[in-house]
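**Student:** Take this sequence and fold it.
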Amino acid sequence: MNSSNEQRAGQWVTSVWPGILLAAMTVAVMSGTAAAYPLDAAEETGIERLTGYRLANEGQIPGNRVHPGALLDREQIRLRLTDYPDFSLPPANTRLTRRIIGLLGADAPRYSVSVLDISDPAAPLYAEHNGTARRTPGSVGKVMLAVALLQTIADRYPDDIEARKRLLRETQVTADEFIHWDSHKVPLWDDERKRFTRRPLRVGDTANLWTYLDWTLSASSNAAASAVMKQLVLLHYFGDAYPVPPEREAELFEDLSWKERREVLLDALLTPLARNGFDTDTLRQGAFFTSEGKRRMPGTNSLATPRALMKLLVKMEKGELVDAWSSRELKRLLYITQRRIRYASSPALREAAVFFKSGSLYKCDREKNPDCGKYRGNVYNYMHSVAIVESPAGDPDHVYLVTMTSNVLGRNSAVAHQTFATRLHRLLLGWRE
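**Tutor:** Numbers count the residues shown, from 1 in each chain. Below is the predicted model of the structure:
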């Protein structure tokens, strides 16, 4: 991270935790670059990068082949609990919980984990360790943003799925100052030259809303997430008049007071979650993902617990997160179809379909440890993973859901989550046999 980005990230953390300052520190907010969404959906969605990834996987252009578990088409991605409308989290299995705590070793007190095996939905297995611990969700909060957007679109078109698709596909979003600042790269596909450019978003970059939502969840771009959040607020505020021309946006972002803007933002973000049955004291995304977004539209802090995140995944698998179409759309957006990182990079998951989001937030005091660095913060070192594993992909024998957060100081949290993923996968496969 360069010095200017360090300064901006430092300003971000100071705004969330005021008063936490060290004489020497480095702050980094990192999130994944794993790509999602089924590769056959370019025409339906207008997400242009899918064309390039498909061509690379077919060997028609240079590029890496995807994992065997990443080759499902959009129709193969289905919800696993739609036939179980009364499904709810069962009591934790004591023996499985003990085994999972054992996988975490001496650092177990600094982890919070929920695991739900629905390989046999009629006989589910659940384990939980520190499941109600509240932590800032980092980039996992982008899942809550997606829920809010899908709910708001469904409110506009409750009985017209094609109209929802048109809104996502035909609404053009142009990046403006709300994207400042972010260093995450997004894939930009040049169909004429048949090549990718990977770089951070710039002011003036234009793509459809579906693409920006994809960049939010696949490339985990904070800039794209703030652009999506801006569109959510505009859709919420202007209703049927959306999309509005730039000059009308001033009615919201300039004419309203800070207090009024804050109320609009929180209503747009939190009310959809509450309507879907979530307690926003245990699950919420409360602010923009960029410093400029926060400056223009203040919010509140963000938080999540593993149990609340697990309930979100269960509701999605039941087709009850907004509704069946929105639930399936969110699951497609979480499907990894390119490079796998962190928890999802476990070699044990190579043949599995993985639906995934992660986030990291760490802070270093270099006076204590000059070697403190990426994913190894010594002041705090948060890593969050949300994953659905279907193994093998396409016709799975094993299906399980995992939500976990950690704050293990000084240890590479990306490697730790990958290691846990390998051990948990082996444990659960043996458990059912």
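**Student:** What segments of the chain are strands?
**Tutor:** Remark: strands assigned in the chain by DSSP state E are 26-30, 111-117, 125-129, 172-174, 185-190, 195-200, 206-208, 283-284, 303-304, 353-364, 380-391, 398-407.
**Student:** How far does the last one sit from its chain's centre?
**Tutor:** Taking the mean C-alpha point of strand 398-407 and that of its whole chain, the gap between them comes to 14 Å (C-alpha atoms, centre = their mean, to the nearest Å).
**Student:** if we can go back for a sec, the strands of the chain: which one's closest to Tyr37?
**Tutor:** Closest to Tyr37 of the strands of the chain, according to C-beta to C-beta: strand 353-364, at 10.7 Å. C-beta here means a position set from N, CA and C on the backbone, and glycine is covered the same way.
**Student:** Now do that closest one against strand 380-391, angle only.
**Tutor:** 170 degrees (axes from the mean of the first three to the mean of the last three C-alpha atoms, to 10 degrees).
**Student:** Least reliable of the strands of the chain by average pLDDT, please.
**Tutor:** With a mean of 35, strand 26-30 has the lowest mean pLDDT of the strands of the chain.
**Student:** Extract the residue ranges of the stretch 1-150 of the chain that are flagged as low pLDDT.
**Tutor:** 1-36 (pLDDT under 70).
**Student:** again, 90 this time
**Tutor:** 1-40, 53-54, 56-59, 61-68, 70-71, 74 (pLDDT under 90).
**Student:** Show me the helices in it, by range?
**Tutor:** Using DSSP state H, counting those that start in this stretch, the helices found in the stretch 1-150 of the chain span residues 3-16, 42-45, 49-57, 94-104, 141-156.
**Student:** what packs against the fourth one?
**Tutor:** Read it as helix 94-104. Applying 3 or more C-beta pairs under 8 Å, 6 or more residues apart in numbering; DSSP states H and E, one finds that helix 94-104 contacts strand 111-117, strand 125-129, helix 413-431.
**Student:** next one: the third one
**Tutor:** Judged by 3+ C-beta pairs under 8 Å, 6+ apart, the packing partners of helix 49-57 are helix 42-45, strand 185-190, strand 195-200.
**Student:** Going by neighbour count, which residues of it are buried?
**Tutor:** Within helix 49-57, the residues scored as buried using 16 or more other C-beta atoms under 10 Å are Arg49, Leu50, Thr51, Gly52, Tyr53, Arg54, Leu55, Ala56, Asn57.
**Student:** Then the second one?
**Tutor:** Within helix 42-45, the residues scored as buried using 16+ other C-beta under 10 Å are Ala42, Thr45.
**Student:** for the residue lying closest to Ser346 once chain neighbours are set aside, what are its contacts?
**Tutor:** Among residues not flanking Ser346 along the chain, Ala421 sits closest, at 3.8 Å (C-beta to C-beta, 6 or more residues apart in numbering). Applying C-beta atoms under 8 Å, 6 or more residues apart in numbering to Ala421 gives the contacts Tyr343, Ala344, Ser345, Ser346, Ala348, Leu349, Ser385, Ala387, Val402.
**Student:** and which of these is nearest Asp395?
**Tutor:** With C-beta to C-beta as the yardstick, the closest approach to Asp395 among the contacts of Ala421 comes from Leu349, at 16.1 Å.
**Student:** Touching, Tyr362 and Asn381? I think so.
**Tutor:** Yes - between Tyr362 and Asn381 there is a contact at 4.7 Å, judged by C-beta atoms under 8 Å.
**Student:** now the helices and strands packed on helix 49-57 in JSON lines, with distance to Asp240?
**Tutor:** Listed next are these as JSON lines, based on distance: least, C-beta to C-beta, whole Å:
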{"stretch": "helix 42-45", "distance to Asp240": "23"}
{"stretch": "strand 185-190", "distance to Asp240": "30"}
{"stretch": "strand 195-200", "distance to Asp240": "34"}
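**Student:** Would you check how far apart Gly359 and Glu249 are?
**Tutor:** Here Gly359 is placed at a distance of 29 Å from Glu249 (C-beta to C-beta, to the nearest Å).
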